[in-house]
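Student: Predicted coordinates and the sequence they were generated for:
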Amino acid sequence: MAVPIDSPVDLDGVKVHYFRVPALRRLWWAPGLSERLRRSIHEFDAVHVHAVFLLPMRAAARAAVRAHIPYVITPRGMLMREVIQRKSRWVKTAWINVVERKTLAQAGAVHVTAELEGAELQAMGLPARRVAWIPNGVQWPEHFGPLSAGPFASLPERYALFLSRISWKKGLERLITAWQWVPGLPLVIAGNDEENYQPRLLELARSLGLGDRVLFVGPVSDAHKWALYRQARLFILPSYSENFGNVVAEAMAMGCPVVVTPEVGIAPLVESTGAGLVVNGDPRVLAETVCDLLADPGRLERMGASGIRAAREQLSWDAVAVRAETLYRSVMDEN
């Protein structure tokens, strides 16, 4: 989508400036942004840098340091060991040693969305004078249409739900394998397939005789995802690596019990609030967990109620904004 680059754009009440990327698009090289940062950085009391391995983020950190303005950096899961080892390991390792170590060390704080991400930083020996845990916020509608009024009207009345990107990282192979030991209940898999991974999963489902019980429904818009959560008996995210897990927070907000693996960042919150279960990703263990929950409707109902309460008290944007403001004030006071 074309956007103006000579004037700010109002996005939900926030002024957003766009800059041209003339080359090195994978690294988002934007010389205009670097120049604007040098001229405008003094207008701010603090800077928040999101992501790593990208040139604009390093430029923002350098500009803040030169102007003696504190900054917070949020890696957004990009420094999780599993992610680094799976893709471009040596390139990312070199970049971390040459660039990101200094960026992290100079930050007033490193913001992580889950305690697991902070533990990963420590285990990798990455420098951080302070690590602050603030979860992602979730915003849910008070009212939404039923599935019977949309493109998913033909879905079964009740099902287990997976909703996320169709990717190796999400643990879908072990989830589908587990479903051969979960009798009766259909498994709905919703999400974008950006890696052409779905054909492999379809073949796995067919080879296990699950072709009619594992249902791939494709991408889901905001207009329909809330009803998908609400109608599901439970939500499952068996990821190998997940710095937070926004979809888990969304499911909780809709009162849908959740099952996640320990590698999902939001797992400690799921466990501590009673909104679901955190289990080993072994297919047999997943299957046994799901079967035990399905046999206890009262337990599922209690988990759903706990998820709603946790979402409202800890994951609403109001709750998250208070914690973020507190963090900004603290790094400014310490500077």
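Tutor: Thanks, I have the structure now.
Student: Give me the residue ranges of the protein where confidence is low.
Tutor: Counting by pLDDT under 70, the chain shows low-confidence ranges at 1, 82-84, 86-87.
Student: For the residue nearest the centre of it, give its distance to Pro283.
Tutor: The C-alpha lying nearest the average C-alpha coordinate of the chain belongs to Gly245 (Cα atoms, centre = their mean; 3.9 Å). Using Cβ to Cβ, to the nearest Å, Gly245 is found at 20 Å from Pro283. C-betas here are computed from N, CA, C, even on glycine.
Student: For the strand or helix carrying Glu120, buried residues please.
Tutor: Under the assignment given by DSSP states H and E, the secondary-structure element containing Glu120 is helix 115-123. When neighbours are counted by 16 or more other Cβ atoms under 10 Å, the buried residues of helix 115-123 are found to be 115-118, 120-121.
Student: Show residues contacting that helix.
Tutor: The list of residues contacting helix 115-123 from outside it, by Cβ atoms under 8 Å, 6 or more residues apart in numbering, reads 75, 77, 79-81, 104, 110, 112, 128, 131, 133, 243-244, 263-265, 267-268.
Student: Just the buried residues from these, in ChimeraX please.
Tutor: Selecting in ChimeraX just the buried members of the contacts of helix 115-123, where the criterion is 16+ other Cβ under 10 Å, is done with this command:
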select :75,77,79,80,104,110,112,128,131,133,243,244,263,264,265,267
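Student: can you pull out the helices in this protein?
Tutor: Remark: helices assigned in the chain by DSSP state H are 31-40, 55-66, 81-86, 89-95, 101-106, 115-123, 172-178, 198-207, 222-231, 246-253, 267-273, 283-294, 297-310, 317-334.
Student: hmm, back to that, in strands, which of the contacts of helix 115-123 fall?
Tutor: Members of the contacts of helix 115-123 lying in strands (criterion: DSSP state E): 110, 112, 131, 133.
Student: Reformat the residues you listed as a markdown table; add distance to Arg233.
Tutor: As requested, these are arranged in a markdown table below (distance: Cβ to Cβ, whole Å):
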| residue | distance to Arg233 |
| --- | --- |
| Val110 | 38 |
| Val112 | 32 |
| Val131 | 37 |
| Trp133 | 31 |
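Student: closest to His42 among those residues?
Tutor: Closest to His42 out of the ones in strands among the contacts of helix 115-123 is Val110 (23.8 Å), distances taken as Cβ to Cβ.
Student: Relative to Val49, how far out is the closest residue to that closest one other than its chain neighbours?
Tutor: Counting by Cβ to Cβ, 6 or more residues apart in numbering, Ala128 is the residue found nearest to Val110 once chain neighbours are left out, at 4.3 Å. Relative to Val49, Ala128 is positioned 13 Å away (criterion: Cβ to Cβ).
Student: which one of the buried residues of helix 115-123 sits closest to Ile236?
Tutor: Leu116 (18.3 Å).
Student: Walk me through the domains of this protein.
Tutor: Each structural domain of the chain that the record assigns through automatic domain parsing is listed here as a residue range: 18-137+318-334, 147-315.
Student: Contact partners for Arg213?
Tutor: Residues 179, 185-187 are the ones in contact with Arg213 under the rule Cβ under 8 Å, 6+ apart.
Student: one more time with 10 Å
Tutor: Residues near Arg213 by Cβ atoms under 10 Å, 6 or more residues apart in numbering: 156, 159, 176, 179-180, 182-188, 205.
Student: how close does it sit to Gly13?
Tutor: From Arg213 to Gly13 the distance is 45 Å (Cβ to Cβ).
Student: Also Lys170?
Tutor: 33 Å.
Student: Mind checking which of the two has more residues around it?
Tutor: When neighbours are counted by other Cβ atoms under 10 Å, Lys170 comes out ahead of the other of Lys170 and Gly13, with 23 against 5.
Student: That one contacts Val260, doesn't it?
Tutor: No: the pair Lys170 and Val260 fails to qualify as a contact (Cβ atoms under 10 Å) at a distance of 11.1 Å.
Student: List the residues that are in contact with both of these two.
Tutor: By Cβ under 10 Å, 6+ apart, Lys170 and Val260 have these common neighbours: 237-239, 242, 247.
Student: Just put the residues you listed in TSV and tack on distance to Arg329 and neighbour count.
Tutor: Output for the shared contacts of Lys170 and Val260, formatted as TSV (distance: Cβ to Cβ, whole Å; neighbours: other Cβ atoms under 10 Å):
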residue	distance to Arg329	neighbour count
Leu237	34	26
Pro238	38	25
Ser239	34	25
Glu242	30	30
Val247	31	26
